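Peer 1: show me the folded form of this:
(3 chains)
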Amino acid sequence: MITLLFLFNIAATIAFAVSGALVAARHRLDWIGFVFMACITGIGGGTLRDTILNVPVFWLDDYHTILVCSASAILTYFAAKHISRRSKPLLWADALGMALFTALGAQKAMALGMNIPVATIMGVFSACLGGIIRDVIVNDVPVVFQREIYITASLSGALTYCLLHTYLPLNESVALVAGGSVAFTVRALAITQNLTMPAHQGLDD
Amino acid sequence: MITLLFLFNIAATIAFAVSGALVAARHRLDWIGFVFMACITGIGGGTLRDTILNVPVFWLDDYHTILVCSASAILTYFAAKHISRRSKPLLWADALGMALFTALGAQKAMALGMNIPVATIMGVFSACLGGIIRDVIVNDVPVVFQREIYITASLSGALTYCLLHTYLPLNESVALVAGGSVAFTVRALAITQNLTMPAHQGLDD
Amino acid sequence: MITLLFLFNIAATIAFAVSGALVAARHRLDWIGFVFMACITGIGGGTLRDTILNVPVFWLDDYHTILVCSASAILTYFAAKHISRRSKPLLWADALGMALFTALGAQKAMALGMNIPVATIMGVFSACLGGIIRDVIVNDVPVVFQREIYITASLSGALTYCLLHTYLPLNESVALVAGGSVAFTVRALAITQNLTMPAHQGLDD
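Peer 2: You can find the predicted model right below:
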């Protein structure tokens, strides 16, 4: 279980880092821009979660995350064209990462004694804020706000975990797997069925 | 007094949340984008204030703020056209909220033993940073930087509170009301008289 | 030594603040926009460093930094055209500031017991994040990501300090001066030789 979680975590971090590096490629940044965008996407959500929860930021003791992000950035620098051509694996790794970070983020907040709304938000923040910061830095309107079923998937997974953890006498692992599975399933349905959220029709003025 | 403060606080939070949701409407985001923009606008300033002051973030224990922001976002989603047509109430609720958050933010910093410049900044941060983050996320240059008398109103109110609190033997409530009133009055004058700050003439190169 | 460090620190802060105020001038903001941009550029990097390290934010006790930033902003408001015409001094003060903030940021993290990768990042954050936030707020893609040898200079200086501090039995001041000198030299070479980093060729799709 621990080993599987560790492997999922690495895969998730790589997926997030590569998505950051691909945004760097689209904006034709230099290599340090690649590394920075990869790191901010990979660790941004967890950093803000830990800062708001006022606990030590997770990568201060565990610098492997930063090394994984940096290595992913460098590889992407040289392989960007190939990666973008076969982006399906990236999309699925990202979905896996979103589901994992959602469940683990909500769990961390619950373990710190947060209430359900706050823990749900912390799950969503862990999974989604890195991508939002990534897009804001290069002046794109965050892609997760634009009709994509991404935050919604994360939200449903985080809420599932929090409710199961609080109201059912389940084993912790079961609640975690259930929360992650809900997030992943919703996202997978969105990807395979091309589902989108309706956009607001905007304002007249 | 407490009840009045509570009602003002709710009104202020709603006004901030609706302004965030209206920005979401202008950019035609989906419903989760509405909720996110409403929350970030409603709680962003106080979150950064508390993070910098290194005290527990205010909405971790008090999730009503998040529920109020989310509900305001959903209502705005369905009522955006009506709200934008009669925007005067929103403008005044926002002015009230700015004044309230300014005074309470400066008070919180003073109570933590901060000096006058820092406490003044914390008052301004509480009132203005939410709106700045709101605009930065959707890639507008923050509206409060553009000739509008908004930060200036907040600054004058925060400074008023800090000076009264420090140098005059006043009742705390009197200092709070005075600070909030100065901020509100300056803002109200700007709204009713269409006052603006002079813009810099820019650079030649 | 202390006095020299203090003077360097003031010069660095002024250089950063002026660069923020010049961005405000380019976007024709009002005076409060100048002050805000100057402060965010001057203290943004150190604020994020301290927040992530979970130590008291440096300017809470030492409000002189904020006063220096604000005064620089006001002066720039009236003198922007003159400053932009003779921008060489600003460029060199900024290089000095980057080198100083890099070394001091890495030192602060090392003193808190951080490992080398984290301390290196903290040196880079101290020196570079203020400028990144400055550019993101006004919706420019951060200039330090765009082929300029700036983060790279900071990175090499921070790494130099961390390695010397950890592996060589040097006097602390020697390691600091060495780290700062490496950062400054790389940056100075980039400025005088017009060196740039190669940009990524972008994506086809």
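Peer 1: contacts only, for the spatially most central residue of chain A.
Peer 2: The residue lying closest to the centre of chain A (CA atoms, centre = their mean) is A:Ala127, at 3.0 Å. Counting by CB atoms under 8 Å, 6 or more residues apart in numbering or on different chains, A:Ala127 touches A:45, A:97-99, A:101-102, A:105, A:154, A:158, A:183. From N, CA and C alone the C-beta is placed, and that goes for glycine too.
Peer 1: looking at those residues, which is nearest chain C?
Peer 2: Of all the contacts of A:Ala127, chain C sits closest to A:Gly45, with 13.8 Å by CB to the nearest CB.
Peer 1: and that closest one, what element?
Peer 2: helix A:31-53 (DSSP states H and E).
Peer 1: backbone phi and psi for A:Thr196, please?
Peer 2: phi -140, psi 160 (degrees, to the nearest 10).
Peer 1: pop out the phi and psi values for the nearest residue to it once chain neighbours are set aside.
Peer 2: Leaving aside its chain neighbours, A:Thr196 sits nearest to A:Arg147 (4.3 Å; criterion: CB to CB, 6 or more residues apart in numbering or on different chains). With angles defined as degrees, to the nearest 10, A:Arg147 sits at phi 70, psi 0.
Peer 1: related to what we said a few turns ago, nearest to B:Ile191, of the contacts of A:Ala127?
Peer 2: A:Gly45 (38.1 Å; CB to CB).
Peer 1: my guess is that closest one meets A:Gly130, correct?
Peer 2: Yes. Judged on CB atoms under 8 Å, A:Gly45 makes contact with A:Gly130 at a distance of 4.0 Å.
Peer 1: what are the boundaries of the helices in chain A?
Peer 2: A:2-26, A:31-53, A:64-85, A:88-111, A:116-137, A:151-167, A:172-192 (DSSP state H).
Peer 1: need the contacts of A:Ala127 in a markdown table with distance to chain B and pLDDT, can you?
Peer 2: What follows is the contacts of A:Ala127, written out as a markdown table (distance: CB to the nearest CB, whole Å; pLDDT from 0 to 100):
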| residue | distance to chain B | pLDDT |
| --- | --- | --- |
| A:Gly45 | 13 | 93 |
| A:Gly97 | 19 | 86 |
| A:Met98 | 14 | 91 |
| A:Ala99 | 17 | 93 |
| A:Phe101 | 17 | 93 |
| A:Thr102 | 14 | 95 |
| A:Gly105 | 14 | 94 |
| A:Ser154 | 9 | 95 |
| A:Ala158 | 13 | 96 |
| A:Ala183 | 14 | 96 |
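Peer 1: out of those, who's the most crowded?
Peer 2: Within these, most neighbours by other CB atoms under 10 Å in any protein chain shown means A:Thr102, with 35 neighbours.
Peer 1: look up how far A:Ile116 lies from it.
Peer 2: Applying CB to CB, to the nearest Å, the value for A:Thr102 to A:Ile116 is 14 Å.
Peer 1: now swap in A:Asn194 and tell me
Peer 2: The gap separating A:Asn194 from A:Ile116 is 32 Å, by CB to CB.
Peer 1: okay, these two: which has more neighbours?
Peer 2: Applying other CB under 10 Å to A:Asn194 and A:Ile116 shows that A:Ile116 carries more neighbours, namely 19 against 8.
Peer 1: return the residues of chain A in contact with chain B.
Peer 2: Neighbours of chain B within chain A, by CB under 8 Å from any CB of the partner chain: A:51-54, A:114-115, A:117-118, A:121, A:132, A:136, A:139-142, A:145-147, A:151-152, A:155, A:196-205.
Peer 1: burial count for A:Gly33?
Peer 2: Neighbours around A:Gly33, by other CB under 10 Å: 31.
Peer 1: count the neighbours of the spatially closest residue to A:Gln146 that is not a sequence neighbour for me.
Peer 2: Of all residues not flanking A:Gln146 in the chain, B:Leu29 sits nearest, at 6.6 Å (CB to CB, 6+ apart). Using other CB under 10 Å, the number of residues around B:Leu29 comes to 27.
Peer 1: residues in contact with A:Ala17?
Peer 2: A:38-39, A:41-42, A:68-69, A:72-73, A:76.
Peer 1: how about those in JSON lines, adding pLDDT, neighbour count and distance to C:His64?
Peer 2: Listed next are these as JSON lines, based on pLDDT from 0 to 100; neighbours: other CB atoms under 10 Å in any protein chain shown; distance: CB to CB, whole Å:
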{"residue": "A:Ala38", "pLDDT": "94", "neighbour count": "33", "distance to C:His64": "37"}
{"residue": "A:Cys39", "pLDDT": "94", "neighbour count": "26", "distance to C:His64": "32"}
{"residue": "A:Thr41", "pLDDT": "93", "neighbour count": "31", "distance to C:His64": "36"}
{"residue": "A:Gly42", "pLDDT": "93", "neighbour count": "31", "distance to C:His64": "36"}
{"residue": "A:Val68", "pLDDT": "94", "neighbour count": "20", "distance to C:His64": "40"}
{"residue": "A:Cys69", "pLDDT": "95", "neighbour count": "26", "distance to C:His64": "36"}
{"residue": "A:Ser72", "pLDDT": "94", "neighbour count": "25", "distance to C:His64": "41"}
{"residue": "A:Ala73", "pLDDT": "95", "neighbour count": "25", "distance to C:His64": "38"}
{"residue": "A:Thr76", "pLDDT": "91", "neighbour count": "27", "distance to C:His64": "43"}
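Peer 1: and which of these is nearest A:Ala190?
Peer 2: Closest to A:Ala190, out of all of those and judged by CB to CB, is A:Thr41, at 19.9 Å.
Peer 1: okay, the residue nearest to the closest one when sequence neighbours are not counted: pLDDT?
Peer 2: Closest residue to A:Thr41 apart from its sequence neighbours, by CB to CB, 6+ apart: A:Gly20 at 3.1 Å. A:Gly20 carries a pLDDT value of 91.
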